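> Sequence below, structure please.
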Amino acid sequence: MGTAALLRAAGVGVGDEVVVPAFGTVDVADAVIQTGALPVFADIDPATYCLDASAVDAAITPRTSAVVAVHRFGRTADLTRLHAIGRRHGLLVLEHAETEAPFEETAQRRERAAYLDARLRGVRTPDGGDGHTYQQYVVRVPGNGRPDRDAFARAIRAKGIDCRVPVKTPVHRLPGHRRWISLPQTERAAEETLALPVDASLTRRQMQRIVSACNALGGPITIGSTAAFGV
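As a prediction, the model looks like this:
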């Protein structure tokens, strides 16, 4: 059952508000609108890219009926705190999960992520806590926000590295969903993040190329041990 159907089944409708993240696609906000309710955007945790529980708590009004927690990039939202907030305010808390990869593929992604964690310089590597499955390996490019991140992306693409910007524009800045609100962590993440490949099919040589291309821009290239990936 989709998010809109689950909200309707819980009685969410016209006049209600549903707290959702703005960092991601429009799917969840659109699902809320389909019920007749209003999506209310809350800020994210900068480490997990999922809803920040404190920001959710601050966004709750007498009209709030539900919260939709979206798991992002292989990290899960802080469901313990979100469910506690839901119980305290009498709110429905729904999870919007990513499609899970098979166990073997996840294990291989984690190996590649560990390789990058140990060797990348000049970018901020992801926080790997809480069972990160690395649906995407998302780094932060420090500097002057979007201009430097975009320049970094162009430079490594020119070297054959298939990177992408995971969220180009937060939902609260898109036409039809525009809100004049401050979501500093959401906006900063949209300006700094870049997803590097960690596909299970990548060979050791391809991983070395990713490190070399990034480190040539972000810092000195560090030559470490070349642990096998089992490929």
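
> What about Ala200, how many residues nearby?
Ala200 has 17 neighbours, counted by other Cβ atoms under 10 Å. Just so you know, the C-beta spots here come from the backbone N, C-alpha and C atoms, and that holds for glycine as well.

> tell me what the strand ranked longest in the chain is packed against?
The single longest strand within the chain, with elements called by DSSP state E, is strand 64-70. Judged by 3 or more Cβ pairs under 8 Å, 6 or more residues apart in numbering; DSSP states H and E, the packing partners of strand 64-70 are helix 3-9, strand 17-21, helix 27-34, helix 79-89, strand 92-96.

> Run through who's touching that strand.
With contacts defined as Cβ atoms under 8 Å, 6 or more residues apart in numbering, strand 64-70 is touched by 3, 7, 10-12, 16-21, 24, 28, 31-32, 37, 40, 50-51, 56, 77, 79, 82, 85-86, 89, 91-96.

> Helices along the chain, start to end?
All helices of the chain, identified by DSSP state H, fall at 3-9, 27-34, 53-59, 79-89, 103-119, 146-157, 184-192, 204-218.

> From the contacts of strand 64-70, keep the buried residues only.
Buried members of the contacts of strand 64-70, counted by 16 or more other Cβ atoms under 10 Å: 3, 7, 12, 16-21, 24, 28, 31-32, 37, 40, 50-51, 56, 77, 79, 82, 85-86, 89, 91-94, 96.

> Can I get the helices of the chain in a markdown table including mean pLDDT and distance to Tyr137?
Formatted as a markdown table, those follow (pLDDT from 0 to 100; distance: least, Cβ to Cβ, whole Å):
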| stretch | mean pLDDT | distance to Tyr137 |
| --- | --- | --- |
| helix 3-9 | 95 | 26 |
| helix 27-34 | 96 | 22 |
| helix 53-59 | 98 | 25 |
| helix 79-89 | 97 | 23 |
| helix 103-119 | 96 | 5 |
| helix 146-157 | 95 | 13 |
| helix 184-192 | 97 | 15 |
| helix 204-218 | 93 | 10 |
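
> wait, which of those is closest to Arg178?
For Arg178, the closest of the helices of the chain is helix 27-34, at 11.3 Å, according to Cβ to Cβ.

> from the middle of its chain, how far away would that closest one be?
With Cα atoms, centre = their mean, to the nearest Å as the basis, the distance from the averaged C-alpha position of helix 27-34 to the chain average is 18 Å.

> what's the angle between it and strand 92-96?
140 degrees (axes from the mean of the first three to the mean of the last three Cα atoms, to 10 degrees).
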